[in-house]
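>>> have a look at this fold, sequence not included:
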């Protein structure tokens, strides 16, 4: 967990820069930094993610209108995202941000989903082939950040996410755990 590392490792410096220096000269150097984020503004993974020019989110097409979007948790004021009847987690659905289509979890098809950088427009489906915003194949970028959260997991239902959210009511410790580990 990169987020749990100190800013200075044994008086040698930054953990990410130390790691990068240690792979110099490797035949296939690759630095993969994975972690659940912690406290905003002091988190190593947040800092590392901000150093990349490409912040990739996983976009899926709405099964009803076909518009691509990345899934968002949402809240009472947001007109899209996960929605449910109060005190009834089993009623959960996703409300499409483009056309307010009601999407059930089992309706999502990840076959043509893709990671898209909203800033630069580059995208990939598999991390091997990369494309410009106009669809032309490009060289893989030197650095990318991927963000994905539990709503995409085949092992966790949206019902469970809502149940977990409801358990956090009035408990800042549980709320922090939910935000850091579920929403990531």
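Ah, there it is. Here the structure is a predicted model, which means the values were calculated and not measured. Residues are numbered from 1 along each chain as shown.
>>> can you list the domains in the chain?
1-51, 52-183 (automatic domain parsing).
>>> just name the most buried of the ones you listed.
Highest mean neighbour count of the domains of the chain: domain 52-183, a mean of 15 (counted as mean count of other C-beta atoms under 10 Å). (Each C-beta comes from the backbone N, C-alpha and C, glycine too.)
>>> tell me how far that domain lies from the chain's centre.
7 Å (C-alpha atoms, centre = their mean, to the nearest Å).
>>> that older thread, can you add mean pLDDT and give the domains of the chain back as a markdown table?
What follows is the domains of the chain, written out as a markdown table (pLDDT from 0 to 100):
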| stretch | mean pLDDT |
| --- | --- |
| domain 1-51 | 69 |
| domain 52-183 | 95 |
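>>> and residue 60, what element?
Under the criterion of DSSP states H and E, residue 60 resides in strand 55-61.
>>> okay, now the sheet partners of that strand, with direction.
Looking at strand 55-61 with DSSP bridges, its partner strands are strand 68-70 (antiparallel), strand 114-117 (antiparallel), strand 145-147 (parallel).
>>> need the contact list for residue 152.
58, 71, 110 (C-beta atoms under 8 Å, 6 or more residues apart in numbering).
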